[in-house]
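Colleague: Whatever this is, show me its structure:
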Amino acid sequence: MAFVTTAEVCDANQDLIRSGQLRALQPSFQIYGRRQIFSGPVVTVKVFEDNGLIRQFLEEKGNGRVLVVDGGGSLRCAILGGNPVVQAQNNGWAGIIVNGCIRDVDEINGCDIGVRALASHPIKASKKGLGEQRVPLNIAGTRICDGEWLYADTDGILVSQIELSV
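Modeller: Numbering: from 1, shown residues only. Purely as a prediction, here's the structure:
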């Protein structure tokens, strides 16, 4: 997917869109990080104003995966900051999608990783480790399941049940 845009993927896969196998997230995310184009298999996490599980996942080797975090859309605190993003970059994660807020934007924007989030917020989240791992999520009008494929660029974010080749 290195030089193929999400728009081109949609144009080439109309049958998958009609069948629901290829879905676009509603355009509600801000773009952060140096990597504006990224893709990979999805790992899902569901939390609310707590980033303990997020940090646990990002400490693992990413192997080109994308962590998709449903933070409940909370705009009251940041569930992802600079240190875990640096760790994710160093561990080989392709990207992180956050249905919630991030902080340390300048640090994140210096990292070679793709990050999408609703907004930035200076207050940090708790670190209790509460939440669910590898569960189906519903973010930006789209169901996202662990093991699906995510494709992101400056036009938007796509989720597919299968790995796509155009």
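Colleague: Please, which helix or strand holds the residue most central in space within the chain?
Modeller: Centroid-nearest residue in the chain, with C-alpha atoms, centre = their mean: residue 97, separated by 1.8 Å. Per DSSP states H and E: residue 97 is located in strand 95-102.
Colleague: Give me the helices and strands touching that strand, please.
Modeller: strand 38-46, strand 66-70, strand 78-80, helix 82-90, strand 114-120, strand 137-139, strand 149-153 (3 or more C-beta pairs under 8 Å, 6 or more residues apart in numbering; DSSP states H and E). C-beta coordinates here come from the backbone N, C-alpha and C atoms, glycine included.
Colleague: Give me the contacts around the third one.
Modeller: The one in question is strand 78-80. Contacts with strand 78-80, where a contact means C-beta atoms under 8 Å, 6 or more residues apart in numbering, come from 47, 49-51, 54, 69, 71, 96, 98, 100-104, 115, 117, 120-125.
Colleague: Drop anything exposed from those.
Modeller: 47, 49-51, 54, 69, 71, 96, 98, 100-104, 115, 117, 120-121, 125 (16 or more other C-beta atoms under 10 Å).
Colleague: any idea how far the residue nearest to the centre of the chain lies from residue 69?
Modeller: Distance, residue 97 to residue 69, using C-beta to C-beta, to the nearest Å: 7 Å.
Colleague: and if you look at residue 139?
Modeller: 9 Å.
Colleague: Give the residues shared as contacts by the two.
Modeller: Common contact partners of residue 139 and residue 69 (C-beta under 8 Å, 6+ apart): 97, 99.
Colleague: Where does pLDDT dip in this structure?
Modeller: Applying pLDDT under 70 to the chain flags the ranges 1-3, 166.
Colleague: And residue 91, how far from residue 10?
Modeller: Here the criterion is C-beta to C-beta. By it, residue 91 lies 31 Å from residue 10.
Colleague: circling back: tell me which residues form a beta bridge with the residue nearest to the centre of the chain?
Modeller: Assessed by DSSP bridges, residue 97 has beta-bridge partners residue 68, residue 116.
Colleague: and the nearest residue to residue 139 once chain neighbours are set aside, how many neighbours does it have?
Modeller: Counting by C-beta to C-beta, 6 or more residues apart in numbering, the nearest residue to residue 139 once its immediate chain neighbours are dropped is residue 99, at 4.5 Å. Residue 99 has 25 neighbouring residues, counting by other C-beta atoms under 10 Å.
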